[in-house]
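S.K.: structure, please.
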Amino acid sequence: MLRKTLKWVGWIIAVPVAIAALFLIYVTVVDYKPESELELEATHNSKQVLKQGDSVTATTFNIGYAGLDLGQDFFMDGGKTSRSSSKKQTEANLAAIADFLEKAQSDFFLLQEVDTGSSRSYQIDEAAELSDSLPDYDSTYAINYKVPWVPVPVLDPMGKVKSGLMTLSSYQSASHTRYDLPGKESWPVQQMELDRAYIASRFPVEGGRELVLINLHLSAFDKGGVIRKQQLEFLDGFVRKESDKGNYLIVGGDWNHSLPGTNPDAFDSEQEWPEWLQPFPESFGPEGLQWANDPATPSVRTLDIPYESGINFLAVIDGFLVSPNIEIMSVSGHDLGFANSDHNPVTGRFVLK
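M.R.: A predicted model of the protein is given here:
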């Protein structure tokens with residue numbers, strides 16, 4: 001009897017272990033391994049050409065896969081959920097986001113966390129829907145999160161993820177390139193994590209120079225900030241190289257750092273500074289780069305609990321960094337009350353000097 005019981009105990013232990021081992025082998029074999037530089041396809045709907053002296057607007061918006069509305073929390077931030085509350089809610093969030101973009105009418109939109117086939121957003125192709133809502137814009141898309149199945153949280157797993165960065169433009173573009181960022185988590189964590197990257201889009205400017213528009217989404221949760229340091233060093237080198245060419249540079253997106261010139265203590269909150277949020281390093285980039293942020297409007301909230309004004313910790317981690325040959329005319333955060341995403345969009349108006 002004892003031998004039979006031990007045999008059953010052995011099977012009870014062995015089967016889950018075998019399933020876990022097979023799963024790890026599978027995700028390792030199919031792991032998304034993008035090239036260090038990847039030329040991206042783009043639609044070419046715009047006829048406008050940039051000229052020196054032009055005034056342009058750019059809006060950056062992490063849309064939180066249209067699933068992180070004000071009623072949501074997120075397990076990676078200390079909450080419980082890993083998916084949008086329902087397909088209906090996801091569609092409502094996405095429609096509201098598209099409506100904002102249509103009304104904003106910026107020349108450039110830099111979007112992050114745009115899903116194209118994820119369990120967490122009910123397989124909705126958000127990139128296609130947003131592109132369709134702005135038919136006169138060039139658009140391009142770069143994957144930065146592609147995993148066949150994320151098995152956590154155990155009782156409500158995130159599941160399949162396919163997500164990325166999306167850039168929309170009302171000006172004619174010459175090229176769009178996905179640059180893979182260095183710094184990876186160790187195996188097997190990396191097999192479930194994002195492959196961080198940025199899109200560098202090039203727009204010819206009459207007179208021979210280019211506007212280089214960078215859409216980025218940097219890491220947030222690596223302990224000790226080792227990965228973030230590697231990413232910033234890589235980006236620093238790229239920015240310096242383009243700056244030396246005399247090109248115009250607009251770098252925007254979700255930096256996942258408290259940005260220079262902003263102070264989270266300015267916002268009402270009952271929560272302490274989250275451990276993952278660090279100040280942006282002062283030594284970044286060549287001399288003369290300019291930050292374009294709105295310190296008066298928070299661009300992100302914490303996700304350990306649903307949003308409640310005056311409770312959640314707030315900060316400014318979304319904004320722009322521009323080259324010295326660009327004049328910053330204005331920067332404004334849009335306080336949407338985190339109704340449809342855990343981020344608020346930020347718009348800058350710039351002149352190419």
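S.K.: what about the protein, any weak spots by pLDDT?
M.R.: Within the chain, the ranges that satisfy pLDDT under 70 run 1-30, 185-192.
S.K.: which residues of the stretch 201-350 of the chain fall in strands?
M.R.: 210-217, 248-254, 290-292, 300-301, 314-315, 318-322, 326-333, 346-352 (DSSP state E, counting those that start in this stretch).
S.K.: what's the angle between the strand ranked longest in the chain and strand 210-217?
M.R.: Across the chain, the strand with the greatest residue count (assigned by DSSP state E) is strand 138-150. For strand 138-150 against strand 210-217, the angle by axes from the mean of the first three to the mean of the last three CA atoms, to 10 degrees is 20 degrees.
S.K.: which helices and strands sit right next to strand 138-150?
M.R.: helix 2-29, strand 42-43, helix 126-133, strand 159-169, strand 175-180, strand 197-206 (3 or more CB pairs under 8 Å, 6 or more residues apart in numbering; DSSP states H and E). C-beta: built from backbone N, CA, C; applies to glycine.
S.K.: can you confirm Thr57 is in a helix?
M.R.: No. Applying DSSP: H, G, I helix; E, B strand; the rest coil, one finds Thr57 to be strand, outside a helix.
S.K.: does the spatially closest residue to it that is not a sequence neighbour belong to a helix, a strand or coil?
M.R.: With CB to CB, 6 or more residues apart in numbering as the criterion, Thr57 has its nearest non-adjacent residue at 4.3 Å, and that residue is Ser106. Under three-state DSSP, the three-state class of Ser106 is coil.
S.K.: who's in contact with Ser106?
M.R.: The contact partners of Ser106, taken as CB atoms under 8 Å, 6 or more residues apart in numbering, are 57-59, 347.
S.K.: now with 10 Å?
M.R.: Shown in contact with Ser106 (CB atoms under 10 Å, 6 or more residues apart in numbering): 56-61, 134, 137, 168-170, 345, 347-349.
S.K.: any idea how far it is from Ile326?
M.R.: 15 Å (CB to CB, to the nearest Å).
S.K.: please apply the same query to Ala266.
M.R.: 26 Å.
S.K.: same thing with Gly285?
M.R.: Taken as CB to CB, the span from Gly285 to Ile326 is 14 Å.
S.K.: find residues that contact each of the two.
M.R.: Leu249.
S.K.: what is Thr140 paired to in the beta sheet?
M.R.: Ala42, Thr167 (DSSP bridges).
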